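*Asks:* sharing a sequence plus its predicted fold:
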Amino acid sequence: MKICIPTETGEGKTASVYGHFGSAPYFTIYDTEAQALEVVDNVNSHHEHGTCNPIAALQGRAVDVVVTGGMGARAVMMLNDQGIKVFRAVPGTVDTIIGNFSAQDLEELTVHNSCASHGCH
């Protein structure tokens, strides 16, 4: 399973989780089976509000889960339509998120509990 986590830097497991999915400078993708990391520069980070294209930002990578501090309903729907589940991150690092996800200790984000504006997280 591949978990995508928006991060402030490209520092791997020690990178801090970024507060919002679409404007994150980087995506850190953790493969639970291979126990390997890939860091992706988010070329879509400077989008206007409501125009985030999360599928394009991930450049066609086979991601199963996104764990993020916040995401709007449209982005949640786009990811869900691709079979990608979305969970709310807790503050911390990529390593923290991997541990919380493995322990099934993260809230799933849906269109009903997603962000309505950039100020929600």
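*Replies:* In hand now; what should we look at?
*Asks:* wait, what's in contact with Met1?
*Replies:* Shown in contact with Met1 (C-beta atoms under 8 Å, 6 or more residues apart in numbering): 31-33, 64-65. For every residue, glycine as well, the C-beta is placed using N, CA and C.
*Asks:* export these to CSV and tack on neighbour count?
*Replies:* Formatted as CSV, those follow (neighbours: other C-beta atoms under 10 Å):
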residue, neighbour count
Asp31, 15
Thr32, 14
Glu33, 7
Asp64, 14
Val65, 20
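*Asks:* all strands of this protein, in order?
*Replies:* Using DSSP state E, the strands of the chain run over 2-7, 26-31, 36-41, 65-68, 85-88.
*Asks:* redo these as a markdown table? Include distance to Arg74.
*Replies:* Compiled in a markdown table, the strands of the chain are given as follows (distance: least, C-beta to C-beta, whole Å):
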| stretch | distance to Arg74 |
| --- | --- |
| strand 2-7 | 16 |
| strand 26-31 | 18 |
| strand 36-41 | 21 |
| strand 65-68 | 14 |
| strand 85-88 | 12 |
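*Asks:* could I get those as TSV with mean pLDDT and distance to Ser16?
*Replies:* Shown next, in TSV, are these (pLDDT from 0 to 100; distance: least, C-beta to C-beta, whole Å):
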stretch	mean pLDDT	distance to Ser16
strand 2-7	96	7
strand 26-31	95	10
strand 36-41	94	13
strand 65-68	94	13
strand 85-88	94	16
